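[1] Predicted model and sequence below, questions to follow.
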Amino acid sequence: MKFDDSGMNLEVLTQLIEDNYQIGSICSINFFPKGEGGYCYSIKTNRHNHYFIKAQRSNEHVDFSNSIRAVSDLRYKYKKDYVVAPIQTSQQKSIVTFDNMLISLYPFIHGTSLYETSEFTSHLEQIAKTLADFHNVSIHNDQLPKETFQNPFEKIILHLLNVAEKQDFSSNKCKRETASLFIKERKDLEFILEKMRTVQKQFSQRQFKQTITHGDPNFSNILRGPDEKLYFIDWGEIAFAPVERDLMFFLEVDGKPLDFEQFISTYLKNRPDTIIHPEIVEFYLYRWCLQEIADYGYRLLVENNGEEEDEHSLKELQPYLPIPHLTIHDRINNIVNSL
């Protein structure tokens, strides 16, 4: 979130952290406008240590605790030091609850995301080597989600289309523009939803190899530390899936193509038995679009997050709606030509 509309009492949150973690007294806590899936805070203690808090709304459909346990295993059991894992409480827990929020505490990485540095191409080989190493981990966790190629965003998008047509948003510029956009793109959205249903049926009849995947390894979730080491953060989407789920993030950035040939050649040198399926990448590119449309569309047409957050959400929605079919087609051709 870019603005703190969580409604949390930070004094009470501070006391909760002090009571559950052996980190000393907290001297300061400040909202940190990073990420889209929750609220982030930077804290400093009287021991001159720096930490990072992430607060996520509890979701009855998502078990964050299983994801966080898997991330902890990657960091501490499998010794993957590029994985930023949560610090455990004095009761050996990775999450504490606060009202309707799930709170996790992390070491603060003194670095900058690769997205902020705009250093994309120069780190592609290092990212490819790290992802190949990560995908080679034979982690055993029956609680993590497994890819079934479902489209969980269909119901939300159909609801948003209904809301866009039936509700009056004339008094709110961002909501009015969003509703008009959904109405204008209705036929294309319905076409893609039908296509996703067809693809799911086709893929469910095939046996694609699945491994552990991050789910959202975009450049904003990769930090460059002071030692030039790369750190992967925000593991909320961790799941077993084909590796294409992660690899598709390195086809482009901000609509501009990356040197995918350089990236994939390095990846395959470090994981030579991998078979890349362009049709799976296409599925993930479309599903990612639908996820962003559902997420930002819901924030705009259903939630009331304030003018500043609405402006941010509309800006984030626009690269995905209208759905960028030509760009996706070009990216798939790029993959075919690189293999």
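    In hand now; what should we look at? Numbers count the residues shown, from 1 in each chain.

[2] for the residue most central in space within the chain, helix, strand, or coil?
    In the chain, the centroid-proximal residue (Cα atoms, centre = their mean) is Asp216; its distance is 4.0 Å. Classification of Asp216 using DSSP: H, G, I helix; E, B strand; the rest coil returns coil.

[3] now swap in Ile43 and tell me
    strand.

[4] low-confidence ranges in the stretch 101-250 of the chain?
    The stretch 101-250 of the chain contains no residues with pLDDT under 70.

[5] Can you list the residue ranges for strands in it?
    Assigned by DSSP state E, counting those that start in this stretch, the strands in the stretch 101-250 of the chain fall at 101-107, 112-113, 211-213, 222-224, 230-232, 239-241.

[6] export those strands to CSV and tack on distance to Ala70?
    For glycine as for every other residue, the C-beta is placed from the backbone atoms N, C-alpha and C. As requested, those are exported to CSV (distance: least, Cβ to Cβ, whole Å):
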stretch, distance to Ala70
strand 101-107, 13
strand 112-113, 23
strand 211-213, 8
strand 222-224, 19
strand 230-232, 13
strand 239-241, 9
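
[7] measure Val281 to Asp73 for me?
    28 Å (Cβ to Cβ, to the nearest Å).

[8] what does Gln56 give?
    20 Å.

[9] Domain ranges for this protein, per the record?
    10-108, 115-338 (automatic domain parsing).

[10] who has more neighbours, Val281 and Asp73?
    Val281 (22 against 17; other Cβ atoms under 10 Å).

[11] Can you point out the buried residues in stretch 328-339?
    Ile328, Arg331, Ile332, Asn334, Ile335, Ser338 (16 or more other Cβ atoms under 10 Å).

[12] same question, stretch 197-214
    Val199, Phe203, Thr211, Ile212, Thr213, His214.

[13] What ranges does the stretch 201-339 of the chain have for its helices?
    244-247, 260-270, 278-301, 307-317, 325-338 (DSSP state H, counting those that start in this stretch).

[14] Just send the ones you listed back as TSV, with distance to His110 too.
    Formatted as TSV, the helices of the stretch 201-339 of the chain follow (distance: least, Cβ to Cβ, whole Å):
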stretch	distance to His110
helix 244-247	26
helix 260-270	27
helix 278-301	30
helix 307-317	26
helix 325-338	34
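
[15] do you know which of those lies nearest Cys27?
    Nearest to Cys27, of all these, is helix 307-317, at 28.4 Å by Cβ to Cβ.

[16] for the record, mean pLDDT for the closest one?
    Helix 307-317 carries an average pLDDT of 94.

[17] The domains of the chain into TSV, with extra columns for distance to Phe3?
    What follows is those, written out as TSV (distance: least, Cβ to Cβ, whole Å):
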stretch	distance to Phe3
domain 10-108	7
domain 115-338	5
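
[18] where does Pro33 fall, phi/psi-wise?
    When read as degrees, to the nearest 10, the backbone of Pro33 gives phi -80, psi 70.

[19] what about it, neighbour count?
    That count, for Pro33 with other Cβ under 10 Å as the rule, works out to 11.

[20] Repeat that for Lys146.
    9.

[21] From Ile328, how far off is the residue nearest to Leu181 when sequence neighbours are not counted?
    Using Cβ to Cβ, 6 or more residues apart in numbering and skipping the chain neighbours, the partner closest in space to Leu181 is Leu321 (5.7 Å). Noted for Leu321: a distance of 13 Å to Ile328, by Cβ to Cβ.

[22] between these two, what contacts are shared?
    Residues touching both Leu321 and Ile328 (Cβ atoms under 8 Å, 6 or more residues apart in numbering): Cys289.

[23] Just list the residues touching Met101, thanks.
    So, once contact is read as Cβ under 8 Å, 6+ apart, Met101 ends up touching Ser6, Met8, Tyr39, Ala55, Gln56, Arg57, Ser58.

[24] filter the residues you listed to the buried ones?
    Buried among those (16+ other Cβ under 10 Å): Ser6, Met8, Tyr39, Ala55, Gln56.

[25] Pick the one among those closest to His312.
    Tyr39 (14.1 Å).

[26] For that closest one, list each beta-bridge partner.
    Ala55 (DSSP bridges).

[27] Verify the stated contact: it with Ala55.
    Yes - judged on Cβ atoms under 8 Å, Tyr39 makes contact with Ala55 at a distance of 4.5 Å.

[28] shared neighbours of those two, anything?
    With Cβ under 8 Å, 6+ apart, Tyr39 and Ala55 have common neighbours Ser6, Met8, Met101.

[29] Let me see the contact set for Thr121.
    Leu258, Asp259, Gln262.

[30] Most neighbours among those residues, which one?
    Going by other Cβ under 10 Å, Leu258 tops the contacts of Thr121 with 18 neighbours.

[31] Over to it: give its phi and psi.
    phi -100, psi 170.

[32] What pLDDT does the model give it?
    For Leu258, pLDDT reads 92.

[33] Need the pLDDT of Gly35.
    For Gly35, the predicted pLDDT is 64.

[34] now do the one 10 residues further on
    In the predicted model, Thr45 carries a pLDDT score of 92.

[35] Cheers, nothing more for now.
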